[in-house]
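> Please work out how this folds:
(one chain, ligands or ions: 1)
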Amino acid sequence: MSSRPSPLPPNALLLAPMVGLSHRPLRELILGFGGCDRVYTEMTSAAGYLSGAPYDRYFLDTGPEPERTILQFYATDAPRMIEAARKAAREIPAAGLDLNFGCSAPHIERSGGGVSWMKDPAAARDLVARVRDAYSPGSLSAKLRVGYDDDYARLRDFCGGLAEAGADWLVLHPRLRSEKLRRTGRWDYVRRLKADLGIPVVGNGDVRSPEDREARVRDSGSDGIMLGREAVRRPWIFALIRGLERDPGYRMTVDRAAVGETFLRLLEEHLPPEFHISRARRFFFYYCDNLSFAHHVRWRIQNAPDLKAIRQALAEYFEEVPGDREKVNR
Ligand SMILES: Cc1cc2nc3c(=O)[nH]c(=O)nc-3n(C[C@H](O)[C@H](O)[C@H](O)COP(=O)(O)O)c2cc1C
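The predicted model follows:
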């Protein structure tokens, strides 16, 4: 298999696509700390984009740094995905386009999207080749799981087809389709794919700290690491990882109240009011893990009727537990 120049920087750090979470406010918050090489939009339906789905301008907003932002689409059929790729190339500034071959949400899988492409390697390969022709402004990648069965040879053949068809890199979340977010991922498959493919392989799943990331890169040789939930808990984690790479004694002080407030401000700036409360609840569900007495404030936020009530819950929490406001991280 021929090697192409990598469109990813060495030791790349990527923010995972996450429905309801990796919208512009979170991405802007994370990019503001620095250290992250690529951020992904929330998964968006190719068919919906073609039909002018009402909220797509929010889902496909690649600000504030389109040059680092990857658009993730899911497709239920090839013709509409190819058309969507052509349209995105004309309309949306972005660093690249990613095809979702991993989602196992029942409504996506039933309609022929996400992980169901793994049932038909030839169709997935053909899709990648045709999207490659249709989309020239940026990279083309795919994100996938191990698939339906624990069968490395099948996974390797599937991924080899995508690489030959023109994918620039692959992200592997090494769990089976049926495992959702349960059980530890098979990171050994990241190592084996990296050795077997001629394109970069990025590993994803359960990286919770700079130490986890270092160990995963060391053991798997992966070209990059993608973080999802931990980057919601700690939007500064990419900056922390980069700081520790430069200096093992690096320490980073973060004002957790200010980060929460910045998130709420970005939410109000970039998403329509009807999204505010649901997106705030999702973000704080994870973010509250930073707090020593998370249970009570998380409960208040999950039941808050509006952002004002969330601000009040946070203000009262930090008044009661001032030591949680500024914390040194490592
Ligand atoms: C709330 C939520 C939404 C997700 N949405 C997407 C998505 O839109 N596209 C996708 O490829 N994966 C999606 N995923 C999977 C993540 O990208 C990632 O593979 C998974 O969370 C494992 O990484 P982590 O352990 O670092 O969180 C989602 C995961 C979560 C928790």
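> Worst mean pLDDT across the helices and strands of the protein, which element?
strand 326-329 (a mean of 77; mean pLDDT, DSSP states H and E).
> Can you give the contact residues for that strand?
Outside strand 326-329, the residues within contact range by C-beta atoms under 8 Å, 6 or more residues apart in numbering are 234, 236, 240, 251-256, 290. All C-beta spots, glycine's among them, are computed from the backbone N, C-alpha and C.
> Which residues of the stretch 151-300 of the chain lie near the ligand?
Proximity of the stretch 151-300 of the chain to the ligand, by C-beta under 6 Å from any ligand atom, involves residues 173, 204-207, 227-230.
> Same list (those residues) but as TSV, adding pLDDT and secondary structure.
Output for these, formatted as TSV (pLDDT from 0 to 100; DSSP: H, G, I helix; E, B strand; the rest coil):
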residue	pLDDT	secondary structure
173	96	strand
204	97	strand
205	95	coil
206	88	coil
207	96	coil
227	98	strand
228	98	coil
229	97	helix
230	98	helix
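> rewinding a little: sort out which of the contacts of strand 326-329 are in strands and list them.
Those of the contacts of strand 326-329 mapping onto strands are 252-255, per DSSP state E.
> in stretch 195-210, what counts as buried?
196-197, 199-207, 210 (16 or more other C-beta atoms under 10 Å).
> did I read that right, residue 72 in a helix?
No: Residue 72 sits outside any helix when classified using DSSP: H, G, I helix; E, B strand; the rest coil, being strand.
> how many neighbours does it have?
For residue 72, the count of nearby residues is 25 (other C-beta atoms under 10 Å).
> Settle this for me: it is touching residue 44, isn't it.
Yes: applying C-beta atoms under 8 Å as the test, residue 72 and residue 44 come out as touching, 6.8 Å apart.
> ok, residue 41 - how many residues close by?
Residue 41, neighbours per other C-beta under 10 Å, totals 26.
> Residue 106 now?
If we define neighbours as other C-beta under 10 Å, then residue 106 has 9 of them.
> for the least confident helix or strand of the chain, the distance to its chain's centre please.
25 Å (C-alpha atoms, centre = their mean, to the nearest Å).
> CA-only coordinates of that strand in CSV, if you can.
Below are the C-alpha coordinates for strand 326-329, written out as CSV (Å, rounded to 0.1, in the frame of the first residue of the first chain):
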residue,chain,number,x,y,z
GLU,A,326,-9.0,27.8,41.1
LYS,A,327,-7.2,24.5,40.8
VAL,A,328,-3.8,23.6,39.6
ASN,A,329,-4.0,20.8,37.1
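> Could you break this structure into its assigned domains?
12-246, 252-329 (automatic domain parsing).
> Out of the ones you listed, indicate the one that is most buried.
domain 12-246 (a mean of 19; mean count of other C-beta atoms under 10 Å).
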